[in-house]
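Student: Provided below are the primary sequence and the corresponding predicted coordinates.
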Amino acid sequence: MALHNRLSTVRDRISLAVRHRFEIDTRSLAVFRIAIGLLILADLVRRSRALTAFYTDFGVLPRTALISRSDPLHLSLHTLSGDAWVQAVFFLIAGVFAVALTIGYRTSAATIGSWIFLVSLHNRMPEVLNGGDFLLRLLLFWAMFLPLGASWAVDNQQASNTQTRTAVRSVAAAALLLQVVIMYSTNAAFKLSGDVWLQGKGLEYVFSLGQFTILFGDVLGSYPAVLHGLDYLWLGMITLSFLLIALPGLWRTGFVFLFISLHLGMLFTMRIDLFALISIAGLLPFLPAAFWDIVLPQLSHYRLSRAIGQWPQKLAGTLPVITVSGVPSLLSRWKTRLGTGVPLFFLVLIVLWNIQVLGYSQVYGHDVVPEEAESVIDLTRTDQYWNMFAPDPLSTDGWIVAPGLLENGSRIDAFHGGPIRWDRPADISDTYPTARWRKYLVGLWRDDTTDRRYFADYLCRRWNSQHEAELVNVSVYFMEQPTQIHTETEPINKVKLEDYHC
């Protein structure tokens, strides 16, 4: 009897510890919601700078070209029209959903709407997507099954039920946490399968690429010993990323902020768009209750903090209360079941997907993910690839030169404007208007596809729509410079990607 009681006590303690590891404090969930909403808004603003180039028929990928080669399950509202004004309307609608998500107003609808428009946007122009886009899409997917409006939200203030929920324990909560760990762990597995990161030279190669370095990146690149140390630190952290879940209380908080600090380092040294900030947003749900119990009383002494804390209540009194009454009990029960069953189904699929991506399907002799399940993953865009700078970083730097011939005999750079310059620029990253342009243009060099011709055609049409002297011919070159980290002068190869008659 005594042994049975001891075993029962141990089992209960283990069960409680596991539940605590996978629960999310509603305050952490609220900060996560605000961060995701703001990131969607920032993403829309940044994408709008190339709205015509990337999302209209006038741009580099007309709808006819996209539809002819894209997966039919990759649905996109943005393909309904190729006009710039329609795309602007879609951007505006997505922005409205993002604002509602940020303030926690009609949060469930805002989350679903934001996810639909984000998936649609990604499917419209897949050539400019990066790891941050995959992560943002997946975080938003899991968020649809979570009570994001349970704290620091207009919905929470307008709710007739005054009972306060302090923590979320569900399959979706566990899936959200596991998704972040899967990202880091899979990337670690890719890096460990290569040679460069294990030799401590991964960051040295990354920071030798002028197309990525910004701000303090060039300075940091001149200290190889520091980069070697950071290389091993980062590789160790992502390999041990399961500790984000396994560690308790303030130990977890410390590990979370160690990740956040290195992501902030990326933000100020590397041109990788919003990836660093999206990663930080994905880490926020890991913050335990112990963190908020310490921090919030300290912040309450500041007037600005108190004013910020009152905004949900003020907005709740301004915005209309929308309620849905008379929901059948059967429908409510099915909603609860789906809220558990659907996340569990996708969690299993995503674990299997990442196992397959890592190449373990070859060990078993067949695909780990069934073909039917792959269709579900394609439709919901829960596919994911965490091979950022892995197995080894890119070993070639470069920039685009697009010499064009005008009808009056003059020669210009049809992409950058102005005279043609073949020499290495002082700052390679400045030759790309945005990080998404860099992703797209480097992709033209890496993959010999019809996109090269579409890009050249776009340069012709853009120039001729803005200038009297028409462009009659354009060539596209990638100035390829292999990275040799211990060599002062690296050779430059002129690679012709396309020659196009306008």
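Tutor: Looks like it arrived, so ask away.

Student: list the buried ones in the strand or helix carrying V474?
Tutor: Element membership for V474, per DSSP states H and E: strand 471-482. Neighbour-count burial for strand 471-482 flags 471, 473-479, 481 (criterion: 16 or more other Cβ atoms under 10 Å). To be clear about C-beta, it is placed using only N, CA and C from the backbone, and glycine gets the same treatment.

Student: distance of I280 relative to F286?
Tutor: For I280, the distance to F286 equals 11 Å [Cβ to Cβ, to the nearest Å].

Student: likewise for L497?
Tutor: Distance from L497 to F286, by Cβ to Cβ: 44 Å.

Student: cool, and V472?
Tutor: 58 Å.

Student: repeat that for S151.
Tutor: For S151 relative to F286 (Cβ to Cβ), the value is 16 Å.

Student: so I280 and F286 - more neighbours on which side?
Tutor: When neighbours are counted by other Cβ atoms under 10 Å, I280 and F286 differ, and F286 comes out ahead with 24 against 20.

Student: check what pLDDT that one gets.
Tutor: Looking at F286, its pLDDT stands at 97.

Student: give the contact list for it.
Tutor: By Cβ atoms under 8 Å, 6 or more residues apart in numbering, the residues touching F286 are 28, 177, 180, 244-245, 252, 256.

Student: among those, which are in helices?
Tutor: Within the contacts of F286, residues falling in helices by DSSP state H are 28, 177, 180, 244-245, 252, 256.

Student: out of those, flag the one nearest to T450.
Tutor: Of all these, V180 has the smallest distance to T450: 36.6 Å, by Cβ to Cβ.

Student: can you tell me the closest non-neighbouring residue to that closest one?
Tutor: Take V180 and drop its neighbours on the chain: the residue closest to it by Cβ to Cβ, 6 or more residues apart in numbering is G282, 4.6 Å away.

Student: tell me which helix or strand the one you found sits in.
Tutor: Judged by DSSP H and E, G282 forms part of helix 275-283.

Student: rewinding a little: mind listing what the residue nearest to V180 touches?
Tutor: 135, 139, 179-180, 183.

Student: mind giving me the PyMOL select for the residues you listed, buried ones only?
Tutor: The buried residues among those can be selected in PyMOL (16+ other Cβ under 10 Å) with this line:
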select buried, resi 135+139+179+180+183
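
Student: pull the most distant pair out of the contacts of G282.
Tutor: Farthest apart among those by Cβ to Cβ are L139 and M183. That separation is 10.0 Å.

Student: quick one: the strands in the protein?
Tutor: 24-25, 167-168, 396-401, 403-406, 411-413, 471-482, 493-501 (DSSP state E).

Student: nearest to L227, of those strands?
Tutor: Nearest to L227 among the strands of the chain is strand 396-401 (16.5 Å), distances taken as Cβ to Cβ.

Student: in terms of secondary structure, what does the closest one contact?
Tutor: helix 435-446, strand 471-482 (3 or more Cβ pairs under 8 Å, 6 or more residues apart in numbering; DSSP states H and E).

Student: so what's the gap between it and the chain middle?
Tutor: Put simply, strand 396-401 sits 24 Å off its chain's centre (Cα atoms, centre = their mean, to the nearest Å).

Student: mean confidence score for it?
Tutor: 92.

Student: circling back to that earlier point, quick one: average pLDDT of the strand holding V474?
Tutor: 94.

Student: and that strand, which strands flank it?
Tutor: Using DSSP bridges, strand 471-482 pairs in its sheet with strand 396-401 (antiparallel), strand 403-406 (antiparallel), strand 493-501 (antiparallel).

Student: alright, I will stop here.
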